[in-house]
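**Q** Below are the sequence and a predicted model for it; my questions follow.
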Amino acid sequence: MSELKLRLVTTGSLDSLEKVLHSSAEDGLKISNFSAELVPERGHYEVRMSVSGFTSQHQVVSKLAMEKDIRELTPLRR
């Protein structure tokens, strides 16, 4: 099964982290790694996560990019 590592920047609210997790689970993705760090001087969370359970990386990136609480989304190389 393929795994995709992502770096996200979300708004600075805990709700935004919950929405990322909920959206991922709702789409049938399995999160194998998740870490979030608040950057208060910038007012956002920096998130690193690994997901599996998808048929296309483009599908995952497109879906997450549509979330209004996600400011940046970058697929990471292994």
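**A** Right, received. Where do you want to start? Residues are numbered from 1 along each chain as shown.
**Q** Surely residue 43 touches residue 10?
**A** No. At 10.3 Å, residue 43 and residue 10 do not qualify as touching, with contact defined as C-beta atoms under 8 Å. From N, CA and C alone the C-beta is placed, and that goes for glycine too.
**Q** neighbour-wise, which of those two wins?
**A** residue 10 (23 against 11; other C-beta atoms under 10 Å).
**Q** That one touches residue 69, doesn't it?
**A** Yes. Using C-beta under 8 Å, residue 10 is in contact with residue 69, at 5.1 Å.
**Q** Output the longest helix belonging to the protein.
**A** Criterion DSSP state H: the longest helix present in the chain is helix 14-26.
**Q** just checking, what packs against that one?
**A** strand 3-11, strand 30-39, strand 44-52, helix 57-65 (3 or more C-beta pairs under 8 Å, 6 or more residues apart in numbering; DSSP states H and E).
**Q** Distance from the chain centre to the second one, please.
**A** Once both centres are worked out by C-alpha atoms, centre = their mean, to the nearest Å, strand 30-39 turns out to sit 8 Å from its chain's centre.
**Q** Could you pull up the contacting residues of the nearest residue to residue 19 once chain neighbours are set aside?
**A** Spatial nearest neighbour of residue 19, excluding adjacent residues (C-beta to C-beta, 6 or more residues apart in numbering): residue 69 at 5.5 Å. Each residue near residue 69 by C-beta atoms under 8 Å, 6 or more residues apart in numbering is listed here: 10, 11, 13, 15, 16, 19, 20.
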